[in-house]
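S.K.: Mind looking at a prediction? Sequence and model below.
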Amino acid sequence: MDLLTRARGPARGGLAAHLREPTQVLFLALLGLVAAGWVLVALDGGQFLTLESVVGIQQRSAALGIVAVGQTLVILAGSLDLSVAYLISLASLVAAEIMAGQDGNIGPAVAAVLAVSALVGLVNGLVITRLQVHAFIATLGVALIIRGALDHLYDGPAGRVPESFQVLGYSRIGPVPVSALLWAGVAVLAWLLLSRTRLGYRIYAVGGDEEVARLSGIRTGRVVVLAHVLCSVCAGVAGLLLAARLGAGAPTVGTDGGYDLESIAAVVLGGTALAGGKGGVAGTVGGVLLLAVLDSIFNQLEVNSFVKDVVRGVVIVVAVAVYARRTRGRRA
Amino acid sequence: MRRALPILAVLAALLIAIALVNPHFLEPAGFLAFLKRAAPLVILAAGQYFVIVSGEFDLSVGSLVTAEVVIAARLIDGDESATWPVLALLVVTGLLVGLVNGVVTTRLRVPSFIVTLGMLLILSGAVFLWTGGAPRGALSDGFRVFGRGGLGPVPWSVLILLVLGATAILLMRADFGRTLMAVGDNERAAALSGVRVHRVKIFAFMLSGLAAAVAAILLGGFAGVSAQVGQGLEFSAITAVVLGGVALGGGRGSVPAAMAGAVTLEALFTLLNLYGISGALEFTVQGVIIIAAVSAAAVRLPRKSTPRTGDAHAAS
Amino acid sequence: MPRPKAAIAVLAALVIAGCTTDKPATTQSAAPATSSQDSGTGAQSEFFVQADFDAQLAMRSKTPQGPADKPWEQAIDPEMIDTSRYKKDGPYHLCFSNAAVDNPWRQVGWKTMQAEVGLHEEIGKFTALDAEGKDDKQISDIAELQAKECDALIVSPNTTATLTPAVTAACAKVPVIVFDRGVETDCPVTFIKPIGGYAFGADAAEFLTEKVPAGGKVLALRILPGVDVLETRWSAAKAVFDDSRLQVVGVEFTDGDAAKTKSIVSDYIQRHGTIDGVWMDAGATAVAAIEAFEDAGLPVPPINGEDQQDFLQKWKDAGLTAVAPTYPTYQWRTPIIAALRILRGEEVPGEWNLPQPKVTSENLQTYLKPDMPPLHYALCGCEDLPGFPEDWGGKKG
C-alpha cells in the first residue's frame, strides 16, 4: 500500500496530473507491485515471474475475476450481490451432476447452469425492485435460501466432470490458461455492454441517481433486474470454471473462496464507487490482478495467511481512501 | 413505533409456537435461559442499530467478537487475578476499533461497508497472527461468570442486557439520539443545521465496538474459547436490526424494535431447532422469513427514495 | 496484405505449439453406497465402505511394527514397496502443500512437522504453501510447487475428490507423499494416516453401548457434513448404534462452535428431560457439551472427546465416565521421515497405517499435561523435539 500512497502523490503538476482516474492509479500500483515483488522474491533467492507463477496468477484470478465483473455491473447500478458465493457452489454442482462424466452432457449442463443462475439473478432483482427490499438483505436472504438447499441436498463433492470439459480448467495456450481467456472474454463483453449499449448507459444512470434516471424515462426497476441477472450468470460461469478445475461439484467451493465479499472488495479496489454510477470493468480487472499478484508474492515468500489478511484489509481501505481523496480534490 | 408492529406480531407468534412444543419455555427458568442465549445478539443488534440509523454499516463486529475472546484467553491464561484488567482492556479495544472505523469512514470518506470489511480482515488476520493460528490460553472462572453464572436465578447476561438496553433507549431519547437520527435521515441538512456529523457518526461506531466487546465477554463466558465464536455475527446483527424495521441507509427505526428483531431471530433459531428442522433447511427458512418480513415492512409504508450503501458519501 | 496473414499464421503456430494441458488422464471411482435400516440415526452416509470399515476395526487389535516409543514410525500390516528409483543424493528440497492451518489440530501438527524438519540436516530447503482451506488454491499451489525443483512433494489434501487430478499430475514429476485425508488415486508413493475415522467413531460408540444402559438416549454431535474423515467417524458410529439397544435421539451439526454445541445440548436436555450418552465426532467442543449438563444441574453422562488438554483436564477434575479416541497429530512427523526414506531409496509401506491409541481412564494420567495449553493435542509426539514445550504454547514444567 506504500506504493499506492506514493503513486497518489500531491495532486499537482507532472505525472500526478495525468493520474486522474482511479484506474490509472491502480494499474500504476499494479506495475509497482510487480516490480516490488520481483525485488523481494529475488532477495529471498527465488524467481518471481516464472512460467508457473504467471500461470498461477491467472488461474487463481480467473474465477474471482469473472464474478467480480458481474459484481461490477450490479454495483454500478447501485445495488450489490451477496449471494454469488453460494450460487457458485450451486452452479458447480448442477454442472457436475448433469455432466455425470459424459461428454455428451456438457451442452445441457452448461445450459442448465446458465438457466439456474439467471433465475437466481431474476429473483434477486425482483425482490429488490418489486418487494423493495434493500439489496444487502435481499441477496443475503437468497444466499441463505441457496445455502439451505445445498446443505440439504449434498454432503460433499458430487457429480463428475468429463475430461474434455476439464480442459477449461487446466489447459493453456502458451502462458495463457483457457480460464484466463474466458475471463478476458467476459470482461470484454461487459465492457462493450457498458460502453456501447443503451443498457450500459442506463446502468450508469440508475446507479448515479435513480430518481433522475426515472424522471428521464428510464424504467429503473428493469435495469436493476437485468444487472442482477447478468451478475448471477457471471457467477454461474465462475461455477462452471471451478467445476472444471475440481473435476466435480463442491458445495463449499464458493464460500471457501470467499467470493462474495472478495468480489466486492476487488470491485471497489478497482475504483468503482460502492454507491454506484461511477467506475468500470477495466478497474475491476486491475483490482483482481492486484489481489492475485499480492497473493502470488506472499506465496513465493511463504508468508502466512494471517499476514495476508491484514495486508489485504489495509490495501483495500487505503486504496478507497486514496480514490475518495482524489475525487474530492478534483471537485474542490 | 408503527414500524415495529409487524416484528412484534411475528415475535409473539414464534414465542407461542415455541411454548406449544416446549411448555417449560413458559416457566421463568425456561424463558430466562432463552433470554440468556439471546443476550449477546440483542446487544450486538443495539450497537449495530446506532451505526445503521446513522446511515452506515458495521461488518467488523463478528471478527471483533472473535478477536476479543481470543485476546482475553491469551492474556488471562487461567489467571484469576488478570480478569478485571483484561475486561477493561476488552472494552477499550472495542471502543478503539469503533473509533478507527468511524474516523476512517468520516474523515477519509471511505464507505463504511469497505472500512469495516477491511477491519474484518485486519482483525481476524492480526489476532491469529498473534496466537499462531488457533486460540491459546484459557479464560478464568471470574471472566466466565458473566456468560455462565447468574445473580440467584437471573443470569448475569440478562441483567447486563437490561441495563444496556435501557441505556440505549435513553441515549436515543437524549440529544444524541435526535442528532443521530437527523444525520441518518439527511446528512447535509443535519450538517447545515449545525450538527457535527463526523463526531456523531464516530460515536455511533464506538457504541457498536463497545457492544461487540460486551457480546464477546458474554459469549466467551457462555461457552469458552473458540475460534468460531464470532463467525457470521455481523450478518446476524444486521439482519436482526433490519427485521426490527430499521431502514438500511439510516434515519428510520427505533432501538427497542432493533432489539426485538434480534430476539425474534433467536426465537426463530430456537423454534427451528425444536421442530427438528436441523441444520440444512434451517437456512432456507431463515432466508425466506427475512425477505418476507422486510418486504412486508417496506410495502406497508409509503415509499421514501430507497437509500443505498454509501449514499451519504455520494451526497457529500 | 501479407502482414495480417503472417500474423495469423504465427498466432496459429503459437497456439498449436503452445497448447499444453497440465492435467493428465485420470479415472475416478465412485464410492459404493450401502443401505441400512433406520433407527434414529438416519440414512447411512454415502461415504460408507463396508470393506474399509471391517479392515479398520480389525487393525485396532493388531500390533504395529516398528519402535514402540516412536508411534509415528510404526506401521500396521505394512506392505513395503521398493523406492530405489527415487534414490538421490542430498541435500534435499522438500515441498509441502498444506490444506490449511485453521484449527488447533492442524496448528499443533504443523508445528510438529516444522520441528521434525529441523531435526534433519540433509533437508537443504523446505518450501510450504498454505491453501487456506481453498481447493482451487491448493490445485494452483501444487502446480506451482512442481516448478520449484522439489525432490519430494508432501500433500495434505483439502478435499479428497477435488484434489485428485492435481495430485495425479504431480505424481508424474516427483515422488508424492499424501497424509491425513487421502486422494482417489494410488499414484502417491505412500499414503500416511492413522487407522482412520471408522476406528475413531466405533471406539467412541462401543464405549457408549457398554456404559449406557439399554434403551438409553444418545445424542450424536457432528461438526459438519461432507468431510470424508468425519463422515467415516459418524458412519461407523451409526453402524454400531444400529446394532445396539441404544436410542439415538438426535444427530446435530455444531459447526465446531462451542456456543452452538452448548445450546444444542441444553435444548435436548430440556426436551428429553435427560440425555444418557453423548457421542462426538471430534473433541473440540466436548467441554462445551459437558458444561451444558453442569449448568442444568445434571450429572454428566458417558461421553467421548478427543485428546485435547481441556477435555482431559475436565475428565480428571469432574471424574467423568469418558473415552477419548484420537486422530494423532504425530502423523505430521511421518511424511518428513517417509520423504527422506524414499529419497534414500529405502522401502516404505505403500499404505502407512499409524497406530491410533485411545485415551481411557486407565491411561488418562499419561496424556494429561497441565502445562500445555487447553487446545493442545496430547498425542503430538512432540515431547522429544527441540523447542518443546514453548513452541507449542506450553510452559516448562
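M.R.: Nice, thanks for sending it over. Residues are numbered from 1 along each chain as shown, chains lettered A, B, ... in the order given.
S.K.: give me the element the residue nearest to A:T129 when sequence neighbours are not counted is part of.
M.R.: Spatial nearest neighbour of A:T129, excluding adjacent residues (C-beta to C-beta, 6 or more residues apart in numbering or on different chains): A:G221 at 3.8 Å. All C-beta atoms are positioned from the backbone trio N, CA, C, and that covers glycine. Using DSSP states H and E, A:G221 sits in helix A:220-246.
S.K.: Downstream of that helix, the next helix or strand is which one?
M.R.: Immediately after helix A:220-246, counting by DSSP H and E, sits helix A:253-256.
S.K.: Quickly find the element holding B:I202.
M.R.: helix B:197-223.
S.K.: okay, now A:A36: neighbour count?
M.R.: Using other C-beta atoms under 10 Å in any protein chain shown, A:A36 has 16 other residues around it.
S.K.: thinking again about what came up before, show me which positions of the helix holding A:G221 end up buried.
M.R.: Buried residues in helix A:220-246, counting neighbours by 16 or more other C-beta atoms under 10 Å in any protein chain shown, are found at A:220-221, A:223-246.
S.K.: now stretch B:75-85
M.R.: Judged by neighbour count (16+ other C-beta under 10 Å), stretch B:75-85 contains these buried residues: B:L75, B:I76, B:D77, B:A82, B:T83.
S.K.: And stretch B:143-162, by the same measure?
M.R.: B:F143, B:R144, B:F146, B:G147, B:R148, B:G150, B:P155, B:W156, B:S157, B:V158, B:I160, B:L161.
S.K.: Does the second one touch B:L219 like I think?
M.R.: No. The criterion here is C-beta atoms under 8 Å, and B:R144 misses it with B:L219 at 10.6 Å.
S.K.: separation between the residue positioned nearest the centre of chain C and chain A?
M.R.: Central residue of chain C (C-alpha atoms, centre = their mean): C:D180, 4.1 Å from the mean position. Distance, C:D180 to chain A, by C-beta to the nearest C-beta, to the nearest Å: 16 Å.
S.K.: And for that residue, nearest residue in space, chain neighbours not counted?
M.R.: C:S156 (4.8 Å).
S.K.: burial of that neighbour, as a residue count?
M.R.: For C:S156, using other C-beta under 10 Å, the count is 25.
S.K.: and if you look at C:R344?
M.R.: Neighbour count for C:R344, taken as other C-beta under 10 Å: 16.
S.K.: same thing with the one 4 residues further on?
M.R.: The criterion is other C-beta under 10 Å. On that basis, C:V348 has 24 neighbouring residues.
S.K.: My understanding was that it contacts C:I342; is that so?
M.R.: Yes. With contact defined as C-beta under 8 Å, C:V348 reaches C:I342; the gap is 6.0 Å.
S.K.: Between these two, which contacts overlap?
M.R.: Counting by C-beta atoms under 8 Å, 6 or more residues apart in numbering or on different chains, the residues touching both C:V348 and C:I342 are C:T83, C:V189, C:T190.
S.K.: now the helices for the stretch 151-300 of chain A?
M.R.: Taking DSSP state H, counting those that start in this stretch as the test, the helices found in the stretch 151-300 of chain A are A:163-170, A:178-196, A:198-208, A:210-215, A:220-246, A:253-256, A:259-269, A:281-301.
S.K.: can you redo these as CSV with mean pLDDT?
M.R.: Putting these into CSV (pLDDT from 0 to 100) gives the following:
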stretch, mean pLDDT
helix A:163-170, 90
helix A:178-196, 95
helix A:198-208, 94
helix A:210-215, 90
helix A:220-246, 96
helix A:253-256, 90
helix A:259-269, 93
helix A:281-301, 91
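S.K.: Now render those as JSON lines, adding distance to B:A191.
M.R.: Formatted as JSON lines, the helices of the stretch 151-300 of chain A follow (distance: least, C-beta to C-beta, whole Å):
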{"stretch": "helix A:163-170", "distance to B:A191": "53"}
{"stretch": "helix A:178-196", "distance to B:A191": "34"}
{"stretch": "helix A:198-208", "distance to B:A191": "22"}
{"stretch": "helix A:210-215", "distance to B:A191": "21"}
{"stretch": "helix A:220-246", "distance to B:A191": "28"}
{"stretch": "helix A:253-256", "distance to B:A191": "40"}
{"stretch": "helix A:259-269", "distance to B:A191": "25"}
{"stretch": "helix A:281-301", "distance to B:A191": "30"}
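S.K.: Tell me the residues of chain C that contact chain B?
M.R.: C:101-104, C:106-107, C:110-111, C:225, C:250-253, C:255-259, C:261-264, C:266-267, C:270-271, C:284-285, C:287-288, C:291, C:295, C:310, C:373-375, C:393 (C-beta under 8 Å from any C-beta of the partner chain).
S.K.: filter those by proximity to chain A?
M.R.: C:V101, C:P225.
S.K.: Is the most centrally placed residue in chain A within a helix or a strand, and which one?
M.R.: Nearest residue to the geometric centre of chain A (C-alpha atoms, centre = their mean): A:A68, 1.4 Å. A:A68 belongs to helix A:51-76 when assigned by DSSP H and E.
S.K.: Quick one: name the residues of chain B near chain C.
M.R.: Counting by C-beta under 8 Å from any C-beta, chain B sits next to chain C at B:22, B:24, B:30, B:33, B:37, B:132-138, B:148, B:219, B:222-229, B:231, B:270, B:273-274, B:276, B:278-279.
S.K.: List buried residues within the residues you listed.
M.R.: Neighbour counting over the residues of chain B next to chain C (16+ other C-beta under 10 Å) leaves B:22, B:30, B:33, B:37, B:132-138, B:148, B:219, B:222-229, B:231, B:270, B:273-274, B:279 as the buried ones.
S.K.: show me the residues around the residue nearest to C:V265 when sequence neighbours are not counted that make contact.
M.R.: Nearest residue to C:V265 in three dimensions, chain neighbours excluded: C:A292, at 3.7 Å (C-beta to C-beta, 6+ apart). Residues counted as contacts of C:A292 (C-beta under 8 Å, 6+ apart) are C:T261, C:K262, C:V265, C:S266, C:I269.
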